[in-house]
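Enquirer: based on what follows, work out the 3D shape:
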Amino acid sequence: MITIEEKLNLFSKHVFEDIKEIQDEKMKKIEAHNKEQMDKHREKIEKQNRQYAEKKIDIIKEKSSKKISQKISQVRRDIMLKKNQLFTNIIEDIKNQLEEFANSSDYKDYLKKSLEKGLCELKNKNTLEIQVSKSDIKNNKDYIKDIVKENGFKEENISIIESEELIIGGAILVDKNNKISLDISLLEKLNENKGYIGNMFYETVDKVGEENGR
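Expert: Take a look at the predicted model:
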């Protein structure tokens with residue numbers, strides 16, 4: 001037969017077991033909740049870290065891209081400056097060659113042909129001013145007078161003066177009465193062809209650059 005004390009002990013045991021089971025269940029829920037919160041917090045932090053890292057990477061990429069773009073632009077500017085300087089040097093070389101030609105034995109033949117062509121265009125003009133280089137005034141003035149007379153102009157209606165402009169060779173024909181000017185100088189010929197020379201030059205330089213870049 002079970003005594004009262006034994007019944008109390010048995011009852012107490014069941015009560016404590018129930019309490020322990022409830023406490024364990026609560027602890028599991030608390031731990032699960034805490035774990036869930038910790039996981040969420042960890043995930044949030046990791047997401048923030050990823051976003052921060054991605055943002056930093058984007059900033060670095062943008063800065064790098066900007067620096068590369070600036071460097072490329074600077075290189076292109078430097079190349080264009082070198083191209084332009086080289087083209088300027090080529091034009092100066094051509095000018096020097098034209099000056100050498102204007103002092104050569106072949107120049108007189110060119111001078112005659114260019115004057116005859118210019119005088120033909122202005123054949124109906126009564127008075128003409130022929131502007132020539134200082135060298136032609138010194139060396140070819142009488143020769144120019146003969147060409148003028150051969151082309152039907154009277155000597156008294158023609159004045160031959162030194163040009164105030166640099167013309168290298170050839171002449172500038174001026175009809176002051178009608179304010180007409182015809183530039184048949186060597187320098188004008190060069191200026192007329194400068195665009196063509198430039199196109200040929202830049203196309204050649206760019207083509208060489210492309211071939212070397214392969």
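Enquirer: what's near enough to touch G198?
Expert: Applying C-beta atoms under 8 Å, 6 or more residues apart in numbering, we find G198 in contact with F87. Where you see a C-beta, it was placed from the backbone N, CA and C, and this is true even at glycine.
Enquirer: report the buried residues of the helix or strand hosting it.
Expert: Using DSSP states H and E, G198 sits in helix 186-213. Neighbour counts over helix 186-213 (16 or more other C-beta atoms under 10 Å) mark 186-190 as buried.
Enquirer: which residue ranges of this protein form strands?
Expert: Along the chain, counting by DSSP state E, strands occupy 128-132, 158-162, 172-175, 180-183.
Enquirer: okay if I get the ones you listed as TSV plus mean pLDDT and distance to I144?
Expert: Converted to TSV, these look like this (pLDDT from 0 to 100; distance: least, C-beta to C-beta, whole Å):
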stretch	mean pLDDT	distance to I144
strand 128-132	93	6
strand 158-162	93	6
strand 172-175	93	11
strand 180-183	91	15
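Enquirer: tell me which of those lies nearest to Q74.
Expert: Counting by C-beta to C-beta, Q74 lies closest to strand 180-183 out of those; the figure is 40.7 Å.
Enquirer: neighbouring strands for that closest one, and are they parallel or not?
Expert: Sheet pairing of strand 180-183 (DSSP bridges) gives strand 172-175 (antiparallel).
Enquirer: the lowest-mean-pLDDT helix or strand in the chain versus helix 186-213: what angle between them?
Expert: Here the helix or strand of the chain ranked lowest by mean pLDDT, DSSP states H and E is helix 4-102, holding a mean of 77. Between helix 4-102 and helix 186-213, the angle comes out at 140 degrees (axes from the mean of the first three to the mean of the last three C-alpha atoms, to 10 degrees).
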